[in-house]
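> just to be clear, the model below is a prediction. Sequence and coordinates:
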Amino acid sequence: MSVCLGIDTSNYTTSAAVYRPDGTGRNEGRLLTVPEGGMGLRQSDALFQHVKRLPDRIQALREAGWLEEPIVAVGASTRPRSVEGSYMPCFLAGESQGRSLAAALDVPFYGFSHQEGHLAAACWSAGRLELLEQPFLAWHLSGGTTELLLVEPKGRSVAATCIGGTTDLSAGQLIDRTGKLLDIPFPAGKGLDALSQASNSQAFFRVKIGQDLRFSLSGMENKAKELVQKHCEPRDIARFTLLTIAETVRRVTDQAKGCYPGLPVLCSGGVASNSLLRTVMQDAVFAEPQYSTDNAMGIALLTDRQLNGD
C-alpha cells in the first residue's frame, strides 16, 4: 500500500497528514505558541514556528506507523482561498517543504487552498465523501473566515464561490475577543464553549441579515463589552456570544436554502467544532471536532484524488 502526504501551515496550526487508498488517514497537528495575553501572531513569527515544527509533525506520523509505506505524492496548502490575490506568508513553510520532499522523492507535488482542505477534511471525517462529487452549501467558520460557500466539483477538487458571510469580524475573531474580555486564553474557542455549557440562558443578539446573505458581527462585539461592563455572569456572556453566532448561521442558511433548494449543508472550520452550533444546526453535516479545526487531512485526501485523477 502507498500513501499521500499532506501539509498545512495555517496562521494557527502546523499539520501533516497521511491518506491511504483504503480511505483511512491520520493527522498530526500542533498549535502555534502565542505569547500570554496575545491575540495571534505576526506572519513572520508564524512562518518561523512552522519551519521549526513541521519536521516534528512528519516525524510523529512516522513514529505512529503511518509512513511505513512509500509516499507517492505530496500536497500542501499554498494560499488561504482559491481566489485571485489570496496570500499569506505562513503557507510558504508548507509549500516549500512539500515541494522539496516531492523533488527528493521524485513524486508529484500538488497545491491546494487552505479552504479546499477544510472542506475535504470535513467531508472525509463525516463519512460524506460523495459530497465532493456534487454541489453543496458549506460554511467556512474560523478565526480568519466566515463565509457561506456554494461548492461545486472541479476536476478532482472543488470550486467554492462565496455567496454570503460577514462583512467585518469573523466568527472566530468575535469568539477570541469575547474570550479576552473574560480572561480566557487564546485561542478561546474551547474555553468559551466549556464556559457556555454552565449557562441555560436563551438570549442572543439578533444580527441583521441582508438580502445578499451578508451580515456584520461588530455590533455583537460591542454588546459583549456592554455585558461585561454590567458585570453579567461570564457563563451567560459566553453563551450569549456563541448562541448569537449559531442563530446567525442558522438564519443565513435558511435564507440561502430558498435560493439553492435541496442542497446539503456542510459546516467546516475551527468554529464548527462548537457544541452549541452543532445543536442549533442539527440538519447540517459536521466533521469530528478534531477535523473541524485547522488540519492537513483534507490536503492529503485531495492529493490522493488528484494523483488518481491524472
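Arrived safely.
> hey, where'd the strands end up in the stretch 51-200 of the chain?
Counting by DSSP state E, counting those that start in this stretch, one finds strands in the stretch 51-200 of the chain at the ranges 71-79, 109-113, 136-141, 146-154, 157-166.
> now what about the longest one, what contacts it?
Identification of contacts with strand 157-166 by Cβ atoms under 8 Å, 6 or more residues apart in numbering yields 81-82, 112, 115-116, 119-120, 132, 138, 140, 145-153, 212-217, 252, 256, 259, 302, 305-306. From N, CA and C alone the C-beta is placed, and that goes for glycine too.
> how about low-confidence regions in the protein?
For the chain, the stretches flagged by pLDDT under 70 are 310.
> centroid-wise, who is the farthest residue in it?
Most distant residue from the mean C-alpha position of the chain: Lys230, 33.4 Å away (Cα atoms, centre = their mean).
> tell me where the stretch 151-300 of the chain has helices.
171-181, 189-196, 218-229, 234-259, 275-280, 297-309 (DSSP state H, counting those that start in this stretch).
> out of these, which comes closest to Gln97?
With respect to Gln97, and counting by Cβ to Cβ, the nearest of the helices of the stretch 151-300 of the chain is helix 297-309 at 12.9 Å.
> what's the spacing between that closest one and its chain's center?
18 Å (Cα atoms, centre = their mean, to the nearest Å).
> and the contacts of that helix?
Surrounding helix 297-309, the residues in contact under the criterion Cβ under 8 Å, 6+ apart are 4-8, 15, 17-19, 21, 25, 27, 72-77, 108, 110, 112, 116-125, 132, 155-157, 291.
> distance of the closest residue in space to Thr241 that isn't next to it in sequence relative to Ala224?
Here the nearest residue to Thr241 in space, its sequence neighbours aside, is Thr178; by Cβ to Cβ, 6 or more residues apart in numbering that works out to 4.6 Å. Thr178 sits 5 Å away from Ala224 when distances are taken as Cβ to Cβ, to the nearest Å.
> in terms of neighbours, single out the busier of those two.
When neighbours are counted by other Cβ atoms under 10 Å, Thr178 and Ala224 differ, and Thr178 comes out ahead with 28 against 23.
> does that one touch Asp236 like I think?
No - counting by Cβ atoms under 8 Å, Thr178 stays clear of Asp236, with 11.8 Å between them.
> joint contacts of those two?
In contact with both Thr178 and Asp236: no residue, using Cβ under 8 Å, 6+ apart.
> ok so, going back, please report how far the residue nearest to Thr241 lies from Ile237.
Look at Thr178 and Ile237: by Cβ to Cβ, they are 7 Å apart.
> quickly list what's touching both of these two.
With contacts taken as Cβ under 8 Å, 6+ apart, the residues that reach both Thr178 and Ile237 are Ala224.
> please name the residues that touch Leu54.
Applying Cβ under 8 Å, 6+ apart to Leu54 gives the contacts Ile7, Thr9, Thr14, Ala16, Ala93, Gly94, Gln97.
> okay, and which of those residues map to helices?
Ala93, Gly94, Gln97 (DSSP state H).
> brilliant, that's me finished.
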